[in-house]
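> Next one to model:
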Amino acid sequence: MGEIEGSYRVLQTPGTRLGAQFNAGISTLEPGQSLSGNMVGGSKSHGLGLQIRVQGLDDSQEFFVIDPKLPGQNLLSEVFHRGNFIESDYFGVEFQNMQMNWVWLEPTKPIARQVRRPANTLFRLSVKFFPPDPGQLQEEYTRYLFSLQMKRDLMEGRLICTENTGALLASHIVQSEIGDHDDAADREFLRANKLLPYQDKVQERIMEFHHRHLGQTPAESDFQILEIARKLEMYGVRFHPAADREGTKINLTVAHMGLQVFQGNTKINTFNWSKIRKLSFKRKRFLIKLHSEVHGPHQDILEFMMASRDQCKNFWKICVEYHSFFRLFDQPEPKTKAILFTRGSSFRYSGRTQKQLVEYVRENGAKRTPYQRCVCLNRHPSPLKKIMFVPFSPRSHHLGHLKNQTTHFFIFIFLFFAFFNLILPLPFVDSVMDNPQLSPLTSKGPLSLSPSFQMSTLSLPSQAPSPLQSPILSEVGSTARLEEEEEGRRKRYPTDKAYFIAKEILTTERTYLKDLEVITVWFRSAVIKENAMPEGLMTLLFSNIDPIYEFHRGFLKELDQRLALWEGRSNAHVKGDYQRIGDVMLKNMSALKEFTSYLQKHDEVLTELEKASKRIKKLETVYKEFELQKVCYLPLNTFLLKPIQRLMHYKLILERLCKHYSPAHRDYEDCKEAMKEVAEIATQLQSSLIRLENFQKLTELQRDLIGIENLTAPGREFIREGCLYKLTKKGLQQRMFFLFSDMLLYTSKGVTATNQFKVHGQLPLHGMIVEESENEWSVPHCFTIYSAQRTIVVAASSKVEMGKWIEDLNMAIDLAKKSQEKSGVFLSTGLNDHSNRSSDEVSLEQESEDDMNSSRTSLDKQTHHRANTTMHVCWHRNTSVSMSDHSLAVENQLSGYLLRKFKNSNGWQKLWVVFTNFCLFFYKTHQDDFPLASLPLLGYTVSTPDESDSIHKEYVFKLQFKSHVYFFRAESEYTFERWMEVIKSAASTTGRMSLLIPKGGHYAS
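Reported below is the predicted structural model:
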């Protein structure tokens, strides 16, 4: 078989046999080299030098004799030279300052000026710059050092991840240090070495994962550790505590792509380097100056307050270094010293940039640095056993000593089949997101959705299985701890229904503001970057939306403060005076009147934007590309309707408050007055909203239908869309029907990357007749549509669905008869009036058979981001939706935190959930910019759990579609009833019907 590259055997090193104490550092000496000349004995200084103690990444310690008056670069050079580092610029040496914060040793400043007592300070070698991809590391030795850093971060609690991912990382560490799985050896190693804070809890899982790494070399294990770690949100994160302008405690950190803001352990914002104009600090204030197009002219400077000037300056220096290392091509020139006066800091990054480093390694040839892996078999102060790994000889193997070539052959066959999951099928791991190493093909289990109903959105580039591909999200954190926190919160917070109604205003306002940011921040940035929008349209759009956005930012802040007082989170002694919301609502609903003129212009804005996107090719491209971004989770023009729709939400919520309060309640009058104010504005804009919602729906359909023009013709109104089965010579064929006020379209779903529907035919409503014909054709729920051009027979999936279609068709036909003004536009679809029946029903039907089959393939194969629009969901769930259903869904938008549990999982996961457009969208927190997953609700039933479900918690509701079951737990009776109400409004439109025909797709007449 020959030599297996990268495998290692254990050698006994001199001194180990004698039981002598030996430094367990990482040795990278060439053959014949010795450390004797460099080793320093005793603790006395030699000449002007001091003994400086440096701890390696494997926790070993070495001493260096350095003059403290010399720059820090001297110590760095000694450490890198003794360690034989090639890619040394990724690393640095850090120490704890007087405030016990870890800070980096600056290369250009004397050591004595940075450290008060260098001889008594422990310096630590650490990874300083974390590249986004471990493949950028050229040296195997460098990857080994990075894996040691991951090991340290895991143990110190910096690399926060789920228990499942932590166990997987630990299993690769075990594989790299002791080789293939052996039950006794694994238990001994894990007993002697602490890899995870919660190691005892997941020890069996670590061993289970370790068993799968059969034959994996230490170098391969190192690479797997880095590959898994880089996909975690906390990879390379070093927190710097700060507070924003409102005093909210946050953590700042810097990464290769820019600055990140965390609240707790959750990332709430990212500022890419391309968006940042300047970074600076003034005393304790850290300032981020953004390009004006990112947040608009009113918010181009972000300010954060840190604990001290030193901490502020330290973080600024780290940002400068990160920017220089990852963004610059060449090392920045040092700042020239001023003759008389200095302005600003002279600090500059003094090492090689990543680009220079990669070129240096390539030009000099990436040499395989020999090194030793040190394994501590216990934590006691006994001699450390040292294991040296060297390349195998052809007669040795990582799996054991192989006697002959036949054994090699059988081992190869065994590993080959194990790799393809034929001999060793892998048990299901909690979730794909939890286990980034595993392919989604191996993730089969009780939590997986069937392929036909995994709704895909946009996957993250270069990251294996994305959580966006289905509503399956990983279960993170300790379930017991989560439930304890929830119980404690329930006991601590108010229980009055008025409080939860007020909280609904707050939670939906948070979602509403995020929706506005899709236009004011994200879309603005996209069009400015490409210079795609005419100046006049820019002014029209943003001069109308920006003032509304700014108003609601202030309103949200007031709501947040009032709820904090109500809950007793601040000024608890006066909270009794603030257990109301009417005064805040009255003040802001009155102020909203000033924005009526802006809201009235939304009709013009939407129309002009649509015209411009058709007229200007660059704007059309930017528009379409923006809709593919994760942040644009709904059709773009939907977000322009949000301000008017929000008025309706205020009105409905205030009505609930007034209904709850007695007239004598102190908050009743304010709530009643606020309701009158918002009702007055809503009445003025009601007709405008109806017109805009119709226009938005028509433009959305125009983009998703192939072979049709002028769908947004004046006077046309959308009535219903849904799936019916059309009777042809080949049997029943699935078709998507669209009913408008002047015509009926039928289409099929093409096998295209864009998921668009192809128009097969159109029937004008003028002169149309609809009759039930179940008895004539012996097809359940069948009816016949007679038109001037042709007659078609269609079947619905249930009697309820058939009734809805017939009722809406007859209503539309009557309206078309009464209409004095007929539409002069007959759509050009490529199917002319004189085209014969066979050309439509025979030549196109073979294509439709393929469409039928493609419809049953996994939705996660779809690349278009709007696979969860009602059109696509109706197709896959075999149902229909009317315009009145859309209007009802708009009124019932809701958001808030829920606990979610799968049918066969043990624990609950806390998620921020948004209901809109017949879908539930799942976020980690309300600060997230885009959803992790979505769950279309059409076709689902909502109920309370059965006895067989074994759910013994209050306020739990159950969602079910066929075998897909989810449980959600609300925080109160009111929120439980609200979620049940809004979900029923979306799910009940389907009639919860069963599929009409078997999987074969043909009806046998």
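> Count the residues that sit near residue 546.
18 (other Cβ atoms under 10 Å). Quick note: C-beta positions are derived from backbone N, CA and C, even for glycine.
> for the one 3 residues further on, same thing?
Here the number of neighbours of residue 549 (other Cβ under 10 Å) works out to 18.
> again with residue 874
The number of residues near residue 874, taken as other Cβ under 10 Å, comes to 24.
> Phi, psi for it please.
When read as degrees, to the nearest 10, the backbone of residue 874 gives phi -60, psi -40.
> And residue 270, by the same measure?
Main-chain torsions, residue 270, degrees, to the nearest 10: phi -140, psi 130.
> Report the beta-bridge partners for it.
Using DSSP bridges, the bridge partners assigned to residue 270 are residue 260.
> ditto for residue 933
Taking DSSP bridges as the rule, residue 933 bridges to residue 922.
> Could you verify my assumption that it touches residue 919?
No. Taking Cβ atoms under 8 Å as the definition, residue 933 is not a contact partner of residue 919, at 10.1 Å.
> hang on, residue 289 in a strand?
Yes. Residue 289 forms part of a strand when assessed by DSSP: H, G, I helix; E, B strand; the rest coil.
> Grab the nearest non-local neighbour of it.
In this structure, residue 289 finds its nearest non-sequential neighbour in residue 278, 4.2 Å apart by Cβ to Cβ, 6 or more residues apart in numbering.
> what do you get for residue 794?
Using Cβ to Cβ, 6+ apart, the nearest residue to residue 794 is residue 724, at 4.4 Å.
> again, but for residue 675
residue 654 (4.0 Å).
> My reading is that that neighbour lies in a helix. Confirm?
Yes. Under three-state DSSP, residue 654 sits within a helix.
> what kind of secondary structure is the residue nearest to residue 289 in?
Residue 278 is classified as strand under three-state DSSP.
> same thing with residue 900?
strand.
> Just give me how far the helix or strand encompassing residue 528 sits from the chain centre.
According to DSSP states H and E, residue 528 maps onto helix 524-530. Per Cα atoms, centre = their mean, to the nearest Å, the displacement of helix 524-530 from the mean C-alpha position of its chain is 23 Å.
> For residue 361, give me its contacts.
Under the criterion of Cβ atoms under 8 Å, 6 or more residues apart in numbering, the neighbours of residue 361 are 86, 87, 138, 139.
> For those, which two are the farthest from each other?
Spatial extent of the contacts of residue 361 (Cβ to Cβ) is set by the pair 86 and 138 at 7.6 Å.
> Which parts of the stretch 451-600 of the chain are helices?
479-492, 497-517, 524-530, 535-567, 582-592, 596-600 (DSSP state H, counting those that start in this stretch).
> Could you list the domains of this structure?
Domain assignment for the chain, taken from the TED database, gives 50-127, 134-230, 240-331, 497-569+576-699, 718-821, 893-987.
> for the fourth one, what is the average pLDDT?
I take that to be domain 497-569+576-699. In this model, domain 497-569+576-699 has an average pLDDT of 90.
> Next, the distance between the ends of that domain.
From its first residue to its last, domain 497-569+576-699 covers 41 Å (Cα to Cα, to the nearest Å).
> Show me which positions of the helix or strand encompassing residue 316 end up buried.
For residue 316, the element it lies in under DSSP H and E is helix 309-327. Going by neighbour count (16 or more other Cβ atoms under 10 Å), the buried part of helix 309-327 is 311-326.
> Fine, thanks again, bye for now.
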